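Undergrad: Take a look and give me a structure for this.
(4 chains)
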Number of protein chains: 2
Amino acid sequence: MNTGQDVQLDDLDARLIELLAEEPRIGVLECSRRLGVARGTVQARLDKLVDRGVIAGFGPEISPAAIGFGVTSFVTLEISQRHGHDPVTAHLAGIPEVLEAHTITGSSDLLCRIVARSNTDLQRVIDQIVSSEGIRRASTIIALAEQIPYRTLPLVRSAARG
Amino acid sequence: MNTGQDVQLDDLDARLIELLAEEPRIGVLECSRRLGVARGTVQARLDKLVDRGVIAGFGPEISPAAIGFGVTSFVTLEISQRHGHDPVTAHLAGIPEVLEAHTITGSSDLLCRIVARSNTDLQRVIDQIVSSEGIRRASTIIALAEQIPYRTLPLVRSAARG
DNA sequence: TACTGAATGCACAACCTGACCAGCATTTCG
DNA sequence: CGAAATGCTGGTCAGGTTGTGCATTCAGTA
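TA: Okay, the predicted model is just below:
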């Protein structure tokens, strides 16, 4: 994958991404028909988007809620400076319910998104998280409802316009 | 899509999801070869997973960083109770840089993930966010590094084992 | 025992993919 | 200005894949 800063999306790129986002199962040929361009063009554009890293992949999007993990929560962690982030990150990586983790600015050091089967189950997961040596303090926030589900299309559109 | 609580994943489901996550471009036929089962079986399982909502889709995953939005930040918002969430959510939905938003427990009301082209650009986005009537206060946290990128495979594996 | 759901193996036509190619317009640059 | 590079078009080709239907087997269950 090219890591260069070739960050220009044009209108066709944006429409292609949109089309794929809306109907992922359609192939290159169908895309070319819908977009009104030659198949080779779609193929070339797609290859380039993947190559530039704009499209990171086409993996299946799993819904944690659908497999029983209906509770989402954000946990901020304070790390004992003595040991650094790495052991804590490794510990977190070993917990399946930790879906992502970022180091952050502010009074805490790490922000992670975790899921659980229920509020009771959430306690179990948090206990597991704080069982790491390096964690001094954890602060839990529960996500009540998803007002805006994760999306990138509007961003793509605005990037293509600019 | 079936919304029932048919949340049982067996080993084959998990291996299928894993396989698709690792090599998304392979087809049903190739999956059946790799998993050592009949093609119809893979097809049926896949259909069921999609139907149950376990697999939400196969859309292209866009990397905001690759299209120039290299700064990620989490913003918590306090909402003026008088107006409620809805106008604020609508306002946020109109800002492309807002990738997701959740209502949350705790002293704030909304947590959203936003991206920007730079720290300077982040200011512009935040200004845009707080320009809404209903927002009383915004608190911004910048994500410095992604320690654990968003993932669901470990969860799938653990769900299948349990 | 009979029924049901699930997996298998097989076959078919229709379709799509990746790989080519020549032609043409636009842009870049010596 | 002319040459080279680039990108899009429209076409061909062989081979693989998909969607579908069907008969069969097997395990669990009423």
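
Undergrad: Buried residues, the longest helix along chain A. List them.
TA: Using DSSP state H to define each element, chain A has its longest helix at helix A:39-52. By 16 or more other C-beta atoms under 10 Å in any protein chain shown, the buried positions in helix A:39-52 come out as A:41-42, A:45-46, A:49-50, A:52. Glycine gets a C-beta too; all of them are placed from N, C-alpha and C.

Undergrad: care to break chain A down by domain?
TA: A:11-60, A:64-143 (automatic domain parsing).

Undergrad: how about those, which one is nearest DNA strand D?
TA: domain A:11-60 (3.2 Å; C-beta to the nearest atom of the strand).

Undergrad: so does that closest one get close to DNA strand C?
TA: Yes - applying C-beta under 7 Å from any atom of the strand, one finds that domain A:11-60 is in contact with DNA strand C at A:27-30, A:39-40, A:43.

Undergrad: residue ranges of the strands in chain A, please?
TA: In chain A, the strands defined using DSSP state E lie at A:55-57, A:61-62, A:71-79, A:98-104, A:110-116, A:135-148.

Undergrad: any chance of those in JSON lines, plus mean neighbour count?
TA: Shown next, in JSON lines, are the strands of chain A (neighbours: other C-beta atoms under 10 Å in any protein chain shown):
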{"stretch": "strand A:55-57", "mean neighbour count": "18"}
{"stretch": "strand A:61-62", "mean neighbour count": "20"}
{"stretch": "strand A:71-79", "mean neighbour count": "21"}
{"stretch": "strand A:98-104", "mean neighbour count": "21"}
{"stretch": "strand A:110-116", "mean neighbour count": "23"}
{"stretch": "strand A:135-148", "mean neighbour count": "16"}
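
Undergrad: what would those look like in TSV with mean pLDDT and distance to chain B?
TA: Shown next, in TSV, are the strands of chain A (pLDDT from 0 to 100; distance: least, C-beta to the nearest C-beta, whole Å):
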stretch	mean pLDDT	distance to chain B
strand A:55-57	92	4
strand A:61-62	96	4
strand A:71-79	97	6
strand A:98-104	98	4
strand A:110-116	98	6
strand A:135-148	97	4
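
Undergrad: Tell me which of these sits nearest to residue B:66.
TA: Residue B:66 lies closest to strand A:55-57 among the strands of chain A, at 7.7 Å (C-beta to C-beta).

Undergrad: for that closest one, packing partners?
TA: strand B:61-62 (3 or more C-beta pairs under 8 Å, 6 or more residues apart in numbering or on different chains; DSSP states H and E).

Undergrad: Run the chain-centre distance for the strand it packs on.
TA: 11 Å (C-alpha atoms, centre = their mean, to the nearest Å).

Undergrad: neighbouring strands for that strand, and are they parallel or not?
TA: strand A:55-57 (antiparallel) (DSSP bridges).

Undergrad: and the partner strand, how far out from the chain's middle?
TA: 11 Å.

Undergrad: Over to stretch A:127-138?
TA: 24 Å.

Undergrad: could I get it in CSV with only the CA atoms?
TA: Extracted as CSV, the C-alpha positions of stretch A:127-138 are listed here (Å, rounded to 0.1, in the frame of the first residue of the first chain):
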residue,chain,number,x,y,z
ASP,A,127,-12.8,-5.9,36.6
GLN,A,128,-10.8,-7.7,34.0
ILE,A,129,-9.4,-4.4,32.6
VAL,A,130,-8.4,-3.0,35.9
SER,A,131,-6.7,-6.2,37.0
SER,A,132,-3.7,-5.0,35.1
GLU,A,133,-0.8,-3.7,37.2
GLY,A,134,-0.3,-0.5,35.3
ILE,A,135,-3.8,0.8,35.7
ARG,A,136,-4.3,3.3,38.4
ARG,A,137,-7.8,4.3,37.8
ALA,A,138,-10.7,3.6,35.4
